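Trainee: The sequence isn't on hand, but the structure is:
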């Protein structure tokens with residue numbers, strides 16, 4: 001592999017190094033996003049932690065993040081946290097490295113072409129409309145569960161052309177166990193040591209993975225037997241090939257498991273947190289409805305409406321700023337390198353937290369406020385590119401980003417016209433940082449139907 005060119009830095013930067021006991025005290029609170037945020041606000045853009053063989057750099061400036069993810073990406077591999085998920089996901093796009101990753105991405109990329117995503121939009125809207133019809137006025141729901149179920153069904157139809165509701169318990173259980181294992185093992189600084197121990201969570205994890213494999217391999221076999229393009233992503237991958245041939249069943253399994261589990265989980269969390277924020281800002285919800293009515297009238301949205309639903313996109317972008325589904329990105333240096341005057345030794349772990357950067361008052365005044373107006377074209381242009389990176393960046397930019405934006409905007413526009421959701425008082429709502437930033441205890445909301453005559457016209 002060719003080493004990335006390292007630009008010369010005019011000065012040498014000395015990172016702040018907090019006391020290890022302070023770090024351990026903060027970690028004991030089990031809220032890593034807030035821990036990282038406190039460290040960055042107290043010590044600055046570079047925080048250095050070293051204890052024995054463990055060496056970690058927390059980078060919080062957009063230019064440093066750009067250096068790691070774009071300019072010098074060849075000097076880094078995916079970090080320890082992602083490698084933990086490879087136990088479930090295998091060597092898919094999220095976890096693979098080097099030439100293998102480049103080949104897989106090249107094979108998969110056409111499946112996310114704009115025209116194919118436009119075709120998927122029909123499924124996104126149809127399933128959102130079906131959910132809207134199933135809701136009952138006055139019913140209390142866990143909005144996190146509702147959005148998770150909706151995005152799982154959309155993923156099943158667009159990725160596999162199957163109804164995964166019959167397999168929902170298997171998929172949900174596998175995902176829940178994977179998240180638990182990631183929290184208990186993957187997020188620990190001593191993950192490598194913990195993985196060698198016969199912990200009960202490891203046994204549950206591998207049982208869940210085996211059940212998930214049974215589902216995925218059965219779907220792959222059914223598609224191979226059908227022998228024709230069903231319009232879904234798996235059909236495309238079965239037909240895709242290069243000079244090395246087509247993907248093996250194992251490769252297909254790894255990619256489809258990655259896209260299923262990682263894809264629907266992130267969008268579901270983004271939508272759930274959006275409903276939570278809208279309940280506290282009814283003026284934003286009302287403006288959202290007005291845009292949907294002006295753009296759509298009495299019809300359901302299509303892919304062609306996506307660029308016209310600009311305020312809906314702004315609302316979703318602001319929700320993902322406050323509660324980024326991918327809340328942290330980490331890398332491991334595979335050689336000594338220099339990041340704008342900062343020496344990063346080989347083997348060091350580099351953490352770049354979306355949660356920290358998205359709450360930086362230098363780029364977002366009053367960062368805790370929910371202000372969709374931050375996402376006008378003019379406001380976006382005034383900020384550094386990596387002041388906002390919910391989907392990562394560089395060659396490892398999430399391949400499903402266009403799919404996620406399309407899904408989030410069209411689902412929200414479909415549901416918001418006929419329904420509002422009231423946040424139930426007295427509940428404890430806080431984010432849980434695992435692979436994604438999900439509501440730890442769910443989000444219980446009471447549904448209220450609006451404009452019933454118009455809602456009926458949409459059925």
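Mentor: Perfect, thanks for sending it. Just so it is clear, the structure is predicted and the values come from calculations on it, not from any experiment.

Trainee: quick one: residue 425 and residue 35, what's the gap?
Mentor: 29 Å (Cβ to Cβ, to the nearest Å). Backbone N, C-alpha and C define where each C-beta goes, glycine included.

Trainee: Residue 258 now?
Mentor: Distance check for residue 258 against residue 35: by Cβ to Cβ, it reads 28 Å.

Trainee: same question, residue 251
Mentor: 37 Å.

Trainee: Check residue 343 too.
Mentor: Residue 343 is 24 Å from residue 35, by Cβ to Cβ.

Trainee: One more: residue 290?
Mentor: Where residue 35 is concerned, residue 290 sits at a distance of 40 Å (Cβ to Cβ).

Trainee: of those two, who's got more company?
Mentor: residue 35 (20 against 12; other Cβ atoms under 10 Å).

Trainee: That one belongs to a helix?
Mentor: Yes: under DSSP: H, G, I helix; E, B strand; the rest coil, residue 35 falls within a helix.

Trainee: Need the per-residue pLDDT for it.
Mentor: With respect to pLDDT, residue 35 scores 89.

Trainee: How much space separates it from residue 378?
Mentor: 34 Å.

Trainee: for the stretch 101-250 of the chain, which spans come out with low pLDDT?
Mentor: 164-197 (pLDDT under 70).

Trainee: what ranges do the strands span in it?
Mentor: Remark: strands assigned in the stretch 101-250 of the chain by DSSP state E, counting those that start in this stretch are 140-142, 241-242, 245-246.

Trainee: so how far does stretch 301-317 reach from one end to the other?
Mentor: Terminal residues of stretch 301-317 lie 19 Å apart, using Cα to Cα, to the nearest Å.

Trainee: Now that stretch: buried residues?
Mentor: By neighbour count with 16 or more other Cβ atoms under 10 Å, stretch 301-317 contains the buried residues 301, 303, 305-306, 308-309, 311-317.

Trainee: Off-centre distance for it?
Mentor: 19 Å (Cα atoms, centre = their mean, to the nearest Å).

Trainee: So residue 390 is in contact with residue 323, correct?
Mentor: No: Residue 390 is beyond contact range of residue 323, at 9.9 Å (criterion: Cβ atoms under 8 Å).

Trainee: Chain neighbours aside, what residue packs nearest to residue 398?
Mentor: The spatial neighbour of residue 398 that comes closest, neighbours along the chain excluded (Cβ to Cβ, 6 or more residues apart in numbering), is residue 391 at 3.9 Å.

Trainee: what about the one you found, how many residues close to it?
Mentor: Residues contacting residue 391 under the criterion other Cβ under 10 Å number 21.

Trainee: For it, list the residues it contacts.
Mentor: By Cβ atoms under 8 Å, 6 or more residues apart in numbering, the contact list for residue 391 reads 326, 397-398, 401, 404.

Trainee: How about residue 363?
Mentor: Contacts of residue 363 by Cβ under 8 Å, 6+ apart are 62, 357, 383-384, 387-388.

Trainee: at 7 Å what do you get?
Mentor: Going by Cβ atoms under 7 Å, 6 or more residues apart in numbering, residue 363 touches 383, 387.

Trainee: Regarding it, which helix or strand does it belong to?
Mentor: According to DSSP states H and E, residue 363 maps onto no helix or strand at all.

Trainee: Now it: phi and psi?
Mentor: Torsion angles at residue 363 (phi, psi; degrees, to the nearest 10) stand at phi -110, psi -20.

Trainee: State the distance from it to residue 70.
Mentor: Look at residue 363 and residue 70: by Cβ to Cβ, they are 18 Å apart.

Trainee: Residue 420 too?
Mentor: To residue 70, residue 420 is 41 Å away according to Cβ to Cβ.

Trainee: Residue 326 too?
Mentor: For residue 326, the distance to residue 70 (Cβ to Cβ) stands at 17 Å.

Trainee: Repeat that for residue 234.
Mentor: Distance from residue 234 to residue 70, by Cβ to Cβ: 31 Å.

Trainee: What of residue 358?
Mentor: Taken as Cβ to Cβ, the span from residue 358 to residue 70 is 18 Å.

Trainee: next one: residue 437
Mentor: 24 Å.

Trainee: contact partners of the helix or strand containing residue 320?
Mentor: Residue 320 is located in helix 310-322, with elements delineated by DSSP H and E. Residues outside helix 310-322 that contact it (Cβ under 7 Å, 6+ apart): 270, 273-274, 277, 284, 287-288, 291, 358, 364, 370-372, 374-375, 388, 390, 405, 408-409, 412-413.

Trainee: Work out the gap between it and the centre of the chain.
Mentor: With Cα atoms, centre = their mean, you get 14 Å for helix 310-322.

Trainee: any idea which helix or strand comes after that helix?
Mentor: strand 329-333.

Trainee: can you pull the buried residues of that following strand?
Mentor: Of the residues in strand 329-333, those buried (16+ other Cβ under 10 Å) are 329-333.

Trainee: Pick the one among these closest to residue 429.
Mentor: Ranked by distance to residue 429 (Cβ to Cβ), the buried residues of strand 329-333 are led by residue 329 at 24.9 Å.

Trainee: which residues does the closest one contact?
Mentor: By Cβ under 7 Å, 6+ apart, the contact set of residue 329 is 352, 354, 392.

Trainee: partners of it in the sheet?
Mentor: Partner residues in beta bridges with residue 329, using DSSP bridges, are residue 352.

Trainee: Quick one, grab the pLDDT at it.
Mentor: On the pLDDT scale, residue 329 is placed at 92.

Trainee: what do you get for residue 451?
Mentor: 67.

Trainee: Just the element for the residue nearest the centre of the chain, please.
Mentor: The residue lying closest to the centre of the chain (Cα atoms, centre = their mean) is residue 266, at 3.7 Å. Using DSSP H and E, residue 266 sits in helix 249-280.

Trainee: Can you name the next helix or strand after that helix?
Mentor: helix 282-296.

Trainee: by contact count, what packs against that following helix?
Mentor: helix 310-322, helix 401-416 (3 or more Cβ pairs under 7 Å, 6 or more residues apart in numbering; DSSP states H and E).

Trainee: avg pLDDT for the first one?
Mentor: Averaged across helix 310-322, pLDDT comes to 98.

Trainee: Repeat that for stretch 423-433.
Mentor: 94.

Trainee: Now do the buried residues in it.
Mentor: 423, 431-433.

Trainee: try stretch 151-165
Mentor: Within stretch 151-165, the residues that count as buried by 16+ other Cβ under 10 Å are 151-162, 164.

Trainee: Could you measure from residue 408 over to residue 221?
Mentor: 32 Å.

Trainee: Between these two, which is the more surrounded one?
Mentor: A direct count of neighbours by other Cβ under 10 Å for residue 408 and residue 221 places residue 408 higher, at 26 against 11.

Trainee: Dihedrals phi and psi, the closest residue to residue 137 other than its chain neighbours?
Mentor: Nearest residue to residue 137 in three dimensions, chain neighbours excluded: residue 449, at 4.3 Å (Cβ to Cβ, 6+ apart). Main-chain torsions, residue 449, degrees, to the nearest 10: phi -80, psi 140.

Trainee: Quickly list what residue 449 is bridged to.
Mentor: The partner residues for residue 449, given DSSP bridges, come to residue 419.
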